[in-house]
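Q: pasting the sequence and the predicted coordinates here, then a few questions.
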Amino acid sequence: MSREDLEKALARGIEILNEFLPVKTYLYFPILYSACVWAVRRVFDYRERILAWQVWIDPDYIKTKPDEFILHFFATHGALSAAYEDEIDGRDMQVLRAAFPALYPVCGLEDAFLRGLFKAELDAADYRRIAAEFGERAAAARDAVTAAEADGDFWKELEAFGMEAAALGIHLLRDAEVQDMIVRLLKERMSGEPQAR
């Protein structure tokens with residue numbers, strides 16, 4: 001695998017999204033990252049994968065989860081357990097249940113699109129911000145992708161990008177390397193200047 005070829009493929013992915021989404025949209029990173037993750041898994045049903053995010057969990061599913069399940073989720077997810085330590089120790093189920101519908105898809109199900117959408121917050125371990133902004137940001141992202149899909153070529157182009165990335169061996173890189181590469185290319189595009197590697 002040539003990193004140069006892979007970077008060229010990622011740059012083409014940015015160009016593809018530029019045709020369908022507003023310039024400088026926050027969605028470039030999560031869509032490219034998701035496409036790379038799904039390409040590695042050899043899953044090319046992008047339309048279903050992006051529009052049927054696991055985020056849209058049935059509210060009854062959330063309501064029926066027992067307190068012990070929710071406590072275990074918060075207590076066993078590293079930095080998440082540190083962020084909610086007081087609530088876990090005090091068994092403050094009101095706060096934990098309120099944050100659960102946002103944090104479970106991101107940290108528990110590890111949905112690639114959502115992990116991309118909240119990358120900055122995950123990097124900063126700012127889980128409370130994810131919980132607070134989740135509904136609004138996820139809904140805005142879904143609306144923007146739904147608008148982009150009006151052009152029938154969107155899914156075809158995204159699938160071609162994913163297949164190219166898979167063929168170039170993107171699976172040989174760690175997640176963090178792929179993310180860093182996408183972020184650097186996006187910063188170059190936004191600033192017009194090459195970023196340090």
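A: Everything's here; your move.
Q: what's the lengthiest helix in the chain packed up against?
A: Longest helix in the chain, counting residues (DSSP state H): helix 127-148. Counting by 3 or more CB pairs under 8 Å, 6 or more residues apart in numbering; DSSP states H and E, the packing neighbours recorded for helix 127-148 are helix 46-51, helix 78-83, helix 93-103, helix 112-117, helix 119-123. The C-beta positions use only the backbone N, C-alpha and C, and glycine is treated the same way.
Q: buried residues in stretch 90-108?
A: 95-96, 99-107 (16 or more other CB atoms under 10 Å).
Q: just flag the most distant two among those.
A: Val95 and Pro105 (18.0 Å; CB to CB).
Q: related to what we said a few turns ago, a markdown table please, covering the helices and strands packed on helix 127-148 and showing distance to Leu158 and mean pLDDT.
A: Below are the helices and strands packed on helix 127-148 laid out as a markdown table (distance: least, CB to CB, whole Å; pLDDT from 0 to 100):
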| stretch | distance to Leu158 | mean pLDDT |
| --- | --- | --- |
| helix 46-51 | 5 | 56 |
| helix 78-83 | 31 | 93 |
| helix 93-103 | 26 | 94 |
| helix 112-117 | 12 | 86 |
| helix 119-123 | 19 | 92 |
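Q: got these as JSON lines, with distance to His72 columns?
A: Converted to JSON lines, the helices and strands packed on helix 127-148 look like this (distance: least, CB to CB, whole Å):
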{"stretch": "helix 46-51", "distance to His72": "28"}
{"stretch": "helix 78-83", "distance to His72": "10"}
{"stretch": "helix 93-103", "distance to His72": "11"}
{"stretch": "helix 112-117", "distance to His72": "21"}
{"stretch": "helix 119-123", "distance to His72": "20"}
